[in-house]
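1. this one's structure only:
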Ligand SMILES: Cc1cc2nc3c(=O)[nH]c(=O)nc-3n(C[C@H](O)[C@H](O)[C@H](O)COP(=O)(O)OP(=O)(O)OC[C@H]3O[C@@H](n4cnc5c(N)ncnc54)[C@H](O)[C@@H]3O)c2cc1C
Ligand code: SF4
Ligand code: SF4
């Protein structure tokens, strides 16, 4: 068992290999990629092509699965009065959707992400955005976009991992201007670690990051396992137009060129990436705003056209307020019980992650990449967590 204090001192590529890649903790976020020639993504795996002896490498410093200083990150990004242990900073919590029904029809849920990105661009808050796109091999990759057409071409959720932060590293040049990024929780954490790192060579690039739109995230799927599952069900990956997880139905719905199909949830869950078992964040706690699917009583056809929206920073608030004022986003106050449900689900994910981490490390004293002194971790280190083993 390696003490946390020893781990923190090392920011090397060797450390990344030993404690993240070899331990199966890599989330595939891409933060260690495209900052040196030795770290690459192969399909949905992060691979080291060559060893480097640098003792103070950004690859390890930016990785969301190496120890961080969460208190410093929260202090840098949020107002302390807004912080909650369950879901991070909350300035406001709403149900939201694009006012334009045509846009909603092309997006995953209410198109809140797309509306906010488009507005940030048109108002000059950002000059370009990094979003996720599906390439010809049915894999995700980050892409930089700077107009409505390109943003709309990439709406919708893809449930395999996107190395979006690698695209941020590679594509955000001086010419890209100010940038917004759509990020899953692990990607948002990597971007927050970049912001705090004060690395000289990265300083200008990170200054260009003006907006992080976070996505709620329960898991991503292993490309290999998921592709096999699809083929077993006679679904060709290229035929997929949209996927969703309808509330209360226990299936993954897949809309293809040949019509809609449903895969039982247990079969999908068997494809979840191992690294997601150790993830504490379901709502992208390090973003300016976070967006997920709405949950309220009503037909799924109605519910699926709405998002849950957490506003976390002043910047996020200004953007949402402007979207409402301009009439492009409809917002309604979400009831208290929705927030409580969201918090309960978030706590559940945190506790499961902690149980899995302890099971993996074999000791409650070794929380792998987490810091047991962090109040947001300590709060969930209950007897129930370290006595019970979960899968
Ligand atoms: C892997 C994954 C897991 C999710 N899990 C949950 C969950 O458990 N609960 C929940 O409420 N919501 C979850 N979401 C969020 C939800 O699916 C929607 O993204 C969210 O509700 C926003 O809807 P929208 O209509 O505003 O999005 P849109 O306006 O359609 O915009 C979606 C944006 O997400 C980007 N994107 C798509 N796939 C990825 C990806 N793999 N990685 C990074 N960016 C991507 C697109 O480029 C686009 O910019 C998940 C999303 C993803 C990608
Ligand atoms: S930075 Fe991201 S892609 Fe690289 S090892 Fe860490 S989790 Fe994996
Ligand atoms: S569950 Fe966590 S680790 Fe997995 S993709 Fe989502 S944010 Fe990343």
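-> Thanks, I have it. What you are looking at is a predicted structure, and each value in this text was computed from that prediction instead of being measured. Ligands and ions are numbered 1, 2, ... in the order given.

2. Quickly check: stretch 225-239 near ligand 1 or not.
-> No. Contact check for stretch 225-239 against ligand 1, using Cβ under 6 Å from any ligand atom: none in range, with a minimum separation of 11.3 Å. In this view, the C-beta of every residue, glycine as well, is placed from N, C-alpha and C.

3. Revised request: answer the last question for stretch 33-45.
-> No. Judged by Cβ under 6 Å from any ligand atom, stretch 33-45 stays clear of ligand 1, getting no closer than 10.2 Å.

4. Please apply the same query to stretch 156-170.
-> Yes. Judged by Cβ under 6 Å from any ligand atom, stretch 156-170 comes into contact with ligand 1 at 156-159, 162, 164.

5. if you skip the residues just before and after it, what's nearest to residue 281?
-> Nearest residue to residue 281 in three dimensions, chain neighbours excluded: residue 185, at 3.7 Å (Cβ to Cβ, 6 or more residues apart in numbering).

6. Need the per-residue pLDDT for that neighbour.
-> According to the prediction, residue 185 has pLDDT 98.

7. what's the burial count for it?
-> Number of residues near residue 185 (other Cβ atoms under 10 Å) recorded here: 26.

8. Surely it touches residue 291?
-> No. Residue 185 is not in contact with residue 291 according to Cβ atoms under 8 Å; the separation is 11.9 Å.

9. so what sits against both of these two?
-> 214-216 (Cβ atoms under 8 Å, 6 or more residues apart in numbering).

10. Restricted to strands, list the residues you listed.
-> 214-215 (DSSP state E).

11. Redo the shared contacts of residue 185 and residue 291 as TSV? Include pLDDT, distance to ligand 3 and neighbour count.
-> Formatted as TSV, those follow (pLDDT from 0 to 100; distance: Cβ to the nearest ligand atom, whole Å; neighbours: other Cβ atoms under 10 Å):
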residue	pLDDT	distance to ligand 3	neighbour count
214	98	9	30
215	98	8	21
216	98	9	22
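
12. Can you name the residues of the chain that neighbour ligand 1?
-> Of all the residues in the chain, those lying near ligand 1 are 107-114, 131-132, 140, 154-159, 162, 164, 182, 184, 215-218, 220, 291-293, 307, going by Cβ under 6 Å from any ligand atom.

13. In contact with residue 328: list those residues for me.
-> Taking Cβ under 8 Å, 6+ apart, one finds 98-100, 115, 118-119 in contact with residue 328.
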